[in-house]
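Q: What follows is a predicted structure for the sequence shown.
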Amino acid sequence: MNKFRIGSMEDYEKAYKSSIDDPEGFWSAIAKNFLWDKEWDKVLEWDFDKFDVKWFKGGKLNITANCLDRNLKDRAEQIAIQWEPNDPVQVGRTLTYRQLFIEVCKFSNVLKSLGVTKGDRICIYMPMVPELAISLLACARIGAIHSVVFAGFSSNSLRDRINDSECSVLLTSDGSFRGDKKIDLKSIADEALEECPTIRNTVVFKRTGDHVTMQSGRDHWWHELMQAADSKCDYEIMDAEDMLFILYTSGSTGKPKGVVHTTGGYMVFSWYTFLNVFQYNEREMYWCTADIGWITGHSYIVYGPLLAGATTLMFEGVPTWPTPERFWQVVEKYKVNIFYTAPTAIRALEAYGVDHVKKYKMDSLRVLGTVGEPINKEAWDWYNVHVGKERCPIVDTWWQTETGGIMISPLAGITPLKPGYATLPLPGIRPVLVDNDGKLLEGNNVDGILCFDFPWPGILRTTFGDHERCRNTYFSTYKNLYFTGDGCKRDEDGFYRISGRVDDVINVSGHRLGTAEIENAINEHPMVVESAVVGYQHPIKGQGIYAYVICDSKHGNDESLISEIKAVVNRIIGPIAKPDIIQIVPGLPKTRSGKIMRRILRKIAGNETDNLGDTSTLLDPSIVETIKAGAINK
Ligand code: 7RM
């Protein structure tokens, strides 16, 4: 067994203490576990004020040498990727470590043949097929920076992300299957590319077989380029601090930011957290149900598991199609040992009733995990009793796109569990709680805002093209602290419970959305004068989207206007951002300085209208009564 796998609570306490007493010694011992072309000169340099963090400075490596080449020695014939298609009647695919290695090398050569070199940005807009994972790894192998855009995003969102990081190549597919839906990814991509001057080539993977238009000179078929590709490709030697990838994420203001992760630190952190949180054992079947379009898929479908030499299951479909038994069928079919999903999926399946779960044995399951949003007690209990049969620990993993990997979480079977609690920080992680004024809340039994006062190897390094925005967003709220945006309690035992966002970010089915982003989309409708978006508690999605919209007095029928506005948001951002509720209002509660009082709108959306607090500073307090009277019940 790996000597860095923590085996007991005592071990955890020892590791935690040594990570605090000597962080550089702690992380460098772990980093030595990997293949480096040259060892680092300095383990850590950091400054939260300017925000400059470097891990393993001077070290040279390639992450794919560690995910692939290194695994050829002992597990070339072991399955690296087990792929399960959307439709259960279609057959799955397996790729051993050797096969994956060859595919990655070949596709690396394809990228090179298109003129891609180290440092170029490659946008990836693909369904959950093995070629998506191959794409990430091929980029990493030749030193190109991948920027994956979730294939549920609209052409506008895709266009903006491509342009922000000036990608030169787009990897996509003809279409994708999601449950009973088929999506024409290539046409969406074509629309985006009309306004993407930096894209010189696209590679199109054939998935649905539907007719697509191929622009000659620009668009190439994946299978055709692969046919001619050589299967030998040496990896590019990268600096530890060279960019590995960009991943866009929403914040409280403006457009999504391109979170940047670099090579060495991310590798060490995604591996260490994977191994310890899930207590991964050799040869286990591991399944994370996320999409690679999100950070969870990057760190815990692709990099973490492959670095650990695990078998990672990739699932193309959705939990409820063709039936709400789909997850459990897959668990049984592949004898899944570790299962990692989102609370929203658990709640959705819970709503269909327990009979669907009972049909499947699922005795292979050993560890269950959740991520993306707070888990309510009811969902936790259901997961524990009906899926885990009360014998599988549930790891409630708290982390963010920006943290690169899991920060606060139980270690499966080691940390005592408390439903709703992410429990304790991983070794090397130093959470602090502060009040609104940034005053440190010491001791236990405190409630505040979650921050970190020391860097960890997986921390973001910048936001692409705008370092000042990064510094401002994460390091200027409280001096010398990384600001997470989450509210958090530390209870009498020192255990952490994350309560949710304290900023204007909402979390819909585990997807992060900025209210400003949705408002901007709504405002694109020609009849909309102004809008304000808030989240409200939703039984399945965690949060739903409630939009208050002021419309032009000339607007016609409310109902058709509302569906038009939804369609606009769908077109501009994508289906995940579509408001659940739209209330047309004559005005918004604004202060004399013109600031919308969202606190009031949140309360109305949440049916908490008894105590709206002080409304005396409003320009027109009467508007509150009008909005209340027209509020839409859920
Ligand atoms: C991994 C991921 C990050 C935000 C974060 C929280 C929320 C994530 C948990 C959670 C409570 C959890 N990255 N969040 N995990 N809240 N308990 N276990 O989701 O960048 O997309 O979102 O998600 O608000 O700030 S993310």
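A: That came through, no problem. Numbers count the residues shown, from 1 in each chain.

Q: contacting residues around stretch 329-336?
A: With contact meaning CB atoms under 8 Å, 6 or more residues apart in numbering, stretch 329-336 is reached by 82, 84, 88, 285-287, 313, 315, 339, 360-362, 364-365. In this view, the C-beta of every residue, glycine as well, is placed from N, C-alpha and C.

Q: Tell me the most packed of those, by neighbour count.
A: Tallying neighbours with other CB atoms under 10 Å puts residue 339 at the head of the contacts of stretch 329-336, with 28 neighbours.

Q: before we move on, back to that, hmm, which of the contacts of stretch 329-336 is lowest in pLDDT?
A: Least confident entry in the contacts of stretch 329-336, by pLDDT: residue 361, with 90.

Q: Can you name the residues that contact that one?
A: Applying CB under 8 Å, 6+ apart, the residues near residue 361 are residue 332.

Q: and the contacts of stretch 329-336, which two are the farthest apart?
A: Spanning the widest gap among the contacts of stretch 329-336 are 88 and 286, at 20.4 Å by CB to CB.

Q: mind checking the SS state of residue 147?
A: Classification of residue 147 using DSSP: H, G, I helix; E, B strand; the rest coil returns strand.

Q: OK, contacts around it?
A: Contacts for residue 147 (CB under 8 Å, 6+ apart) come out as 121-124, 161-162, 165, 167, 245-248, 258.

Q: from these, which single one is nearest the ligand?
A: Using CB to the nearest ligand atom, residue 247 comes nearest to the ligand of these, at 8.8 Å.

Q: what about that closest one, how many neighbours?
A: Burial of residue 247 is recorded as 26 neighbouring residues (other CB under 10 Å).

Q: Isn't it up against residue 298?
A: Yes - under the criterion of CB atoms under 8 Å, residue 247 lies in contact with residue 298, with a separation of 6.6 Å.

Q: Spit out the residues that contact those two alike.
A: residue 148.

Q: list the contacts for the nearest residue to residue 154 once chain neighbours are set aside?
A: Nearest residue to residue 154 in three dimensions, chain neighbours excluded: residue 574, at 4.6 Å (CB to CB, 6 or more residues apart in numbering). Contact analysis of residue 574 by CB under 8 Å, 6+ apart lists 150, 152, 153, 154, 157.

Q: Please identify which of those residues is nearest to the ligand.
A: For those, the nearest to the ligand is residue 150 (10.6 Å; CB to the nearest ligand atom).

Q: re earlier: need the max-distance pair from the contacts of residue 574.
A: Counting by CB to CB, the most remote pair of the contacts of residue 574 is 150 and 154, 10.5 Å apart.

Q: returning to that earlier point: in helices only, show me the contacts of residue 574.
A: residue 157 (DSSP state H).

Q: May I see the contacts of residue 574 organised as JSON lines, with distance to residue 550 added?
A: Shown next, in JSON lines, are those (distance: CB to CB, whole Å):
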{"residue": "150", "distance to residue 550": "31"}
{"residue": "152", "distance to residue 550": "29"}
{"residue": "153", "distance to residue 550": "27"}
{"residue": "154", "distance to residue 550": "24"}
{"residue": "157", "distance to residue 550": "25"}
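
Q: Which one of the contacts of residue 574 sits in the busiest neighbourhood?
A: residue 157 (25 neighbours).

Q: what residues are up against it?
A: 149, 256, 572, 573, 574.

Q: Of all pairs in those residues, which one is the farthest apart?
A: Spatially, the most separated pair among those is 149 and 572, at 14.4 Å (CB to CB).

Q: Show me the shaky parts of the protein.
A: Low-confidence segments of the chain (pLDDT under 70): 1.

Q: Which positions in it make contact with the ligand?
A: For the chain, the residues in contact with the ligand (CB under 6 Å from any ligand atom) are 249, 294-296, 371-374, 396-401, 422, 484-486, 498, 500-501, 507, 510, 512.

Q: Can you select the buried ones from the residues you listed in ChimeraX?
A: This is the ChimeraX syntax for the buried subset of the residues of the chain next to the ligand, where burial follows 16 or more other CB atoms under 10 Å:
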select :249,294,295,296,371,372,373,374,396,397,398,399,400,401,422,484,485,486,498,500,501,507,510,512
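
Q: So which of the residues of the chain next to the ligand sit within helices?
A: The members of the residues of the chain next to the ligand that map onto helices under DSSP H are 295, 296.

Q: show me where the stretch 501-634 of the chain has strands.
A: 505-508, 511-514, 528-538, 542-551, 581-584 (DSSP state E, counting those that start in this stretch).

Q: Show me what the last one is in contact with.
A: What it means is strand 581-584. With CB under 8 Å, 6+ apart as the test, strand 581-584 has contacts from 536, 544-551, 558, 561-562, 565-566, 605, 627, 630-632, 634.

Q: same thing but 6 Å
A: The contact list for strand 581-584 (CB atoms under 6 Å, 6 or more residues apart in numbering) reads 546, 547, 548, 549, 551, 558, 562, 565, 630, 632.

Q: Okay, now the sheet partners of it, with direction.
A: strand 542-551 (parallel) (DSSP bridges).

Q: Only alpha carbons, please: show the partner strand as CSV.
A: Taking Å, rounded to 0.1, in the frame of the first residue of the first chain, the C-alpha atoms of strand 542-551 are listed here in CSV:
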residue,chain,number,x,y,z
GLY,A,542,-31.0,22.7,-4.1
GLN,A,543,-31.6,26.2,-5.5
GLY,A,544,-34.0,27.3,-8.2
ILE,A,545,-33.8,30.5,-10.2
TYR,A,546,-36.3,33.2,-9.4
ALA,A,547,-36.3,36.3,-11.8
TYR,A,548,-38.0,39.6,-11.2
VAL,A,549,-38.4,41.4,-14.5
ILE,A,550,-39.5,44.9,-15.4
CYS,A,551,-40.9,45.0,-18.9
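
Q: what angle separates that strand from strand 528-538?
A: 160 degrees (axes from the mean of the first three to the mean of the last three CA atoms, to 10 degrees).

Q: begin at 38 from here
A: Understood, numbering begins at 38; the last thing we discussed is strand 579-588.

Q: Distance from the chain centre to strand 579-588, please.
A: 23 Å (CA atoms, centre = their mean, to the nearest Å).

Q: residues near residue 659, how many?
A: Number of residues near residue 659 (other CB under 10 Å) recorded here: 11.

Q: State the distance from it to residue 652.
A: Look at residue 659 and residue 652: by CB to CB, to the nearest Å, they are 10 Å apart.

Q: Skipping adjacent residues, who's closest to the residue of the stretch 138-287 of the chain at minimum distance from the ligand in space?
A: Using CB to the nearest ligand atom, residue 286 is the residue of the stretch 138-287 of the chain that sits closest to the ligand, at 5.2 Å. Among residues not flanking residue 286 along the chain, residue 438 sits closest, at 4.2 Å (CB to CB, 6+ apart).
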